[in-house]
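K.L.:
need coordinates for the following:
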Amino acid sequence: MIDLTTSYLGMNLKNPLVVSASPLCEEVDNIRRMEDAGAAAVVLHSLFEEQITLESHELNHHLSHSAESYAEALSYFPDMMNYNLGPEGYLEHIRRVKEAVDIPVIGSLNGVSTGGWITYAKKIEEAGADALELNIYFIPTDPEMTGADVEQMYVDLVRDVTSSVALPVAVKIGPYFSAMANMARRLDRAGAGALVLFNRFYQPDFDLEELEVVPDLDLSRSYELRLRLRWVAILYGRIKADMAVTGGVHTAEDVLKAMMAGARVAMMTSALLIHGIEHLARVRADILQWMEEHEYESIRQMQGSMSQRSVADPAAFERANYMKVLSSYPLHRR
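P.N.:
Reported below is the predicted structural model:
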């Protein structure tokens, strides 16, 4: 019998299919359906740093003060006390989900500074979450902020949170570090139990008629998986932290590629928004069919099988592939 089990953040999972944070996770009934469809774990929608700050009235004061000079300032923020249930509602949601399902439930904090994170990390732990994901979403726009400053901010945040809770902590980051391998190792040493690769930075558009900046959300596609595969394959065996792939996971083939690169789990949301929650069952069935046809006995058997662990010099390997790709492009002459 084919064994789909894997481990992630110290948890034994029935398969590598994990639902990543999204509005789908705001409804307990949806999470029940995810479990029934085959999800091995779920990451709840994020509690935002701004919500925590607003609860202490700091952001409220800041926004009110700004609004005296700039009437449009308030429009940049949603109703943060009600957005995603609010801080206390979020904790109650964790309790309700834990009562409703048997799969692991991972809480999520989204922000860039320690602030109230440590307090709420502890509260999320007390509410019964099985693990915590830190979703660090930060674009350094200050010209005076150096790359070293940004990296240290990440490391300090991870170290502060992981030293404050007993929960295993995953860190969701973007790919835009000048030395990604070194950054991964630093986060690993700071206490991260897993790295989630990668966050997707959403890019707004301009409305030329209204002359406004318009939020714009494009769902992921499978082609985006390649960047994740590349870095998971490079990092596999070089850090202790588990790795999760998120962004571009839509099909059984995507999941299998993530496993072969060295990931422990593959996370999906866009595929579920496009095809429905039941898509999880189809992906799981397709994984089993592929493994049977190719005579794989377990997920663990394939994990890391196509990583760069056996390559003495991954940088030289990358350059060799780069040159190979460029030279392989067909030029058709008239």
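
K.L.:
count the residues that sit near Tyr202.
P.N.:
10 (other Cβ atoms under 10 Å). Where C-beta positions appear, they are placed from N, C-alpha and C, glycine not excepted.

K.L.:
correct me if wrong: it contacts Val213.
P.N.:
No. Here Tyr202 does not reach Val213: they are 11.9 Å apart, not a contact under Cβ atoms under 8 Å.

K.L.:
list the contacts of the nearest residue to Pro175 once chain neighbours are set aside.
P.N.:
Spatial nearest neighbour of Pro175, excluding adjacent residues (Cβ to Cβ, 6 or more residues apart in numbering): Phe198 at 4.6 Å. Shown in contact with Phe198 (Cβ atoms under 8 Å, 6 or more residues apart in numbering): 172-175, 227-228, 231, 246-247.

K.L.:
cool, and Leu13?
P.N.:
Counting by Cβ under 8 Å, 6+ apart, Leu13 has contacts 5-7, 40-41, 104, 265.

K.L.:
quick one, helices of the stretch 201-334 of the chain?
P.N.:
Assigned by DSSP state H, counting those that start in this stretch, the helices in the stretch 201-334 of the chain fall at 225-235, 252-261, 270-275, 279-293, 299-302, 314-328.

K.L.:
pick the most buried one from the ones you listed.
P.N.:
Counting by mean count of other Cβ atoms under 10 Å, helix 252-261 has the highest mean neighbour count of these, with a mean of 23.

K.L.:
which elements pack onto it?
P.N.:
helix 225-235, strand 265-268, helix 279-293, helix 299-302 (3 or more Cβ pairs under 8 Å, 6 or more residues apart in numbering; DSSP states H and E).

K.L.:
tilt between that helix and helix 225-235?
P.N.:
Taking axes from the mean of the first three to the mean of the last three Cα atoms, to 10 degrees, helix 252-261 and helix 225-235 form an angle of 20 degrees between their directions.

K.L.:
quick one: contacts of helix 252-261?
P.N.:
With Cβ under 8 Å, 6+ apart, helix 252-261 has contacts from 6, 16-17, 222, 225, 228-230, 232-233, 236, 245, 248-249, 266, 283-287, 289-291, 299, 302-307.

K.L.:
swap in stretch 275-282?
P.N.:
With Cβ under 8 Å, 6+ apart, stretch 275-282 has contacts from 17, 19, 24, 30, 33-34, 37-39, 268, 271-272.

K.L.:
what ranges does the stretch 1-150 of the chain have for its strands?
P.N.:
Per DSSP state E, counting those that start in this stretch, the stretch 1-150 of the chain carries strands over the ranges 6-8, 11-13, 17-19, 41-43, 47-48, 105-111, 131-136.

K.L.:
ok, the longest one: who's next to it in the sheet?
P.N.:
Going back to what we said before, that points to strand 105-111. strand 41-43 (parallel), strand 47-48 (parallel), strand 131-136 (parallel) (DSSP bridges).

K.L.:
could I get those as a markdown table with mean neighbour count, mean pLDDT and distance to Val165?
P.N.:
Output for those, formatted as a markdown table (neighbours: other Cβ atoms under 10 Å; pLDDT from 0 to 100; distance: least, Cβ to Cβ, whole Å):
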| stretch | mean neighbour count | mean pLDDT | distance to Val165 |
| --- | --- | --- | --- |
| strand 41-43 | 26 | 98 | 16 |
| strand 47-48 | 26 | 81 | 14 |
| strand 131-136 | 24 | 94 | 7 |
